[in-house]
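In: sequence-free structure coming up:
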């Protein structure tokens, strides 16, 4: 009799363990990430995590080994960081062919992630929520793109951002 009761409880235990049916808990969305490695002779390294929540994706970027001050981050068109200066990642990812800008103002394109501050200890973080997708194969899918940290800040105006944001100090390929 006890064995029968335990057997009937196992499905309930599995539901509770995995959070099914718990009010107020959002189901876990898709996740993508990139490990950023130093480029252009820098010591900048980091991680980028992209998490899906509803129809939005939030980027959490963490870097270390950077010089204090403002730095730009962009998504680039090709997921290739093999070149010593990360030029193998090509230009900004811009599937909608929009003007370059900062993500807090119009116009801007999907590769514009904005600026973040690096502290005196060389660490910095950036958090950004955008209309990207993960693993859909659609034009707004971030998987297979590169995320790059630049040496300087992005002015949000110059339409030749590689010149404005300067050297590509860290690069990572975004994957699921």
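Out: Now that the structure is in, tell me what you want to look at. This one's a predicted model, so the numbers in the text were calculated from it and none came from an experiment. Numbers count the residues shown, from 1 in each chain.
In: point out where the protein drops to low pLDDT.
Out: Applying pLDDT under 70 to the chain flags the ranges 1-28, 159-165.
In: in it, which spans are helices?
Out: For the chain, applying DSSP state H gives helices covering 2-17, 161-165.
In: the strands in this structure, which residues?
Out: 31-38, 45-53, 56-64, 69-76, 112-118, 124-130, 146-150, 168-173 (DSSP state E).
In: these: which one's closest to residue 103?
Out: Nearest to residue 103, of all the strands of the chain, is strand 112-118, at 4.9 Å by C-beta to C-beta. C-beta here means a position set from N, CA and C on the backbone, and glycine is covered the same way.
In: in that closest one, what's buried?
Out: Buried residues in strand 112-118, defined by neighbour count with 16 or more other C-beta atoms under 10 Å: 112-116, 118.
In: hang on, the earlier thing: can you check which of the strands of the chain gets nearest to residue 96?
Out: strand 112-118 (11.3 Å).
In: what's that closest one in contact with?
Out: 59, 61, 63, 66-75, 92, 100-104, 124-126, 128, 147, 153-154 (C-beta atoms under 8 Å, 6 or more residues apart in numbering).
In: let me see the contact set for residue 97.
Out: Contacts of residue 97 (C-beta under 8 Å, 6+ apart): residue 109.
In: torsion angles phi and psi at the residue nearest to residue 94 when sequence neighbours are not counted?
Out: Sequence neighbours aside, residue 109 is the residue nearest to residue 94 in space, at 4.1 Å (criterion: C-beta to C-beta, 6 or more residues apart in numbering). Residue 109 adopts backbone torsions of phi -110, psi 170, taken as degrees, to the nearest 10.
In: check the gap between residue 109 and residue 45 for me.
Out: Separation of residue 109 from residue 45 (C-beta to C-beta, to the nearest Å) stands at 26 Å.
In: one more: residue 158?
Out: Taking C-beta to C-beta, one finds residue 158 at 27 Å from residue 45.
In: and what of residue 90?
Out: Residue 90 sits 22 Å away from residue 45, going by C-beta to C-beta.
In: out of these two, which sits in the more crowded spot?
Out: More neighbours surround residue 45 than the other of residue 90 and residue 45, with 19 against 14 (other C-beta atoms under 10 Å).
In: residue 125: neighbouring residues, count only.
Out: Neighbours of residue 125 under the rule other C-beta under 10 Å: 13.
In: how near is it to residue 118?
Out: For residue 125, the distance to residue 118 (C-beta to C-beta) stands at 9 Å.
In: what do the two both touch?
Out: Taking C-beta under 8 Å, 6+ apart as the criterion, residue 125 and residue 118 both touch residue 63.
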